[in-house]
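Participant: Give me a model of this one.
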Amino acid sequence: MAAAVAAAAAPADVTAEWPGLLFTDSFTAKIKAAKVLAVGAGGIGCELLKTLVLTGFENIEVIDLDTIETSNLNRQFLFRRSHVGQSKAQVAANIVKGFAPSANIKAYQANIMEPRFGLDFFSSFDLVLNGLDNMAARRHVNRLAMAAKVPLVESGTAGYVGQVSVHLKDVTECYECHPRGSGAPKSYPICTLRNTPDKPIHCIVWAKELLFPRLFGKVDVSGAAAG
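Facilitator: Okay, here's the model as predicted:
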């Protein structure tokens with residue numbers, strides 16, 4: 001991420017090389033003035049927001065549709081049990097501003113695919129950071145970032161495996177230049193399930209993995225419910 005930020009934020013007249021560039025006054029000023037969009041305030045999004053403000057970014061907007069679930073608490077470190085049911089984006093913004101008071105963070109509890117977050121919206125940013133688990137939304141963000149010619153840092157996880165890539169129109173390939181995934185998944189990690197599902201399979205897996213044990217207890221190896 002640091003290298004991507006340097007490429008997006010470095011002034012043209014700076015001759016210092018990475019990582020010495022970080023310690024120049026002009027680069028520090030560029031970071032402070034840059035406007036950043038963070039899409040997603042979950043496991044990756046919490047880390048991104050923390051890293052952004054501790055790096056010196058002060059103008060950040062964060063978008064996340066979802067609310068905080070108890071199952072989020074083991075990895076989304078900005079949230080506590082008292083936050084369950086509240087907006088991820090709003091809580092994350094409030095917590096981060098608590099240890100970075102000078103940061104100006106605007107939060108939206110919304111779907112990034114809404115028409116109001118179109119080309120004009122994306123064009124107002126200097127950098128876009130993606131931390132989504134929804135492939136359709138990730139492709140959507142990629143297309144808008146490419147159209148707006150705004151650098152996109154795309155990141156995601158699959159189990160214990162993480163990936164990150166940087167995309168900039170006419171400089172690198174786009175996120176969709178190569179097929180992603182290898183067909184339909186055979187299982188759905190609990191972390192991908194949301195209060196606001198966008199696919200029928202989300203409802204089915206939520207009922208099977210989360211609701212059933214709450215109502216009837218965990219299933220033992222013989223297949224019978226254990227009370």
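
Participant: C-alpha only now, for contacts and for neighbours.
Facilitator: OK.

Participant: how about the helices of the protein, start to end?
Facilitator: Remark: helices assigned in the chain by DSSP state H are 2-9, 25-33, 43-55, 88-99, 119-123, 135-148, 200-206, 212-216.

Participant: ok, now how distant is His83 from Thr70?
Facilitator: In this structure, His83 lies at 9 Å from Thr70, with C-alpha to C-alpha, to the nearest Å as the measure.

Participant: what about the residue nearest to Lys32 when sequence neighbours are not counted, how many residues close to it?
Facilitator: Spatially, and ignoring its direct neighbours in sequence, Lys32 is nearest to Phe57 (4.9 Å; C-alpha to C-alpha, 6 or more residues apart in numbering). Taking other C-alpha atoms under 10 Å as the neighbour definition, Phe57 ends up with a count of 24.

Participant: Contact partners for Phe57?
Facilitator: Listed by C-alpha atoms under 8 Å, 6 or more residues apart in numbering, the contact set of Phe57 reads Ile31, Lys32, Ala33, Ala34, Lys35, Val36, Ala103.

Participant: related to what we said a few turns ago, higher neighbour count, His83 and Thr70?
Facilitator: With other C-alpha under 10 Å as the criterion, His83 and Thr70 differ in neighbour count, and His83 comes out ahead with 17 against 13.

Participant: any idea of the pLDDT on the more buried one?
Facilitator: The predicted local distance difference test score for His83 is 97.

Participant: Would you enumerate the residues in contact with the closest residue to Asp126 other than its chain neighbours?
Facilitator: Ranked by C-alpha to C-alpha, 6+ apart and with sequence neighbours excluded, the top spatial neighbour of Asp126 is Lys35, at 5.4 Å. Counting by C-alpha under 8 Å, 6+ apart, Lys35 makes contact with Phe57, Glu58, Asn59, Ile60, Ser124, Phe125, Asp126, Leu127.
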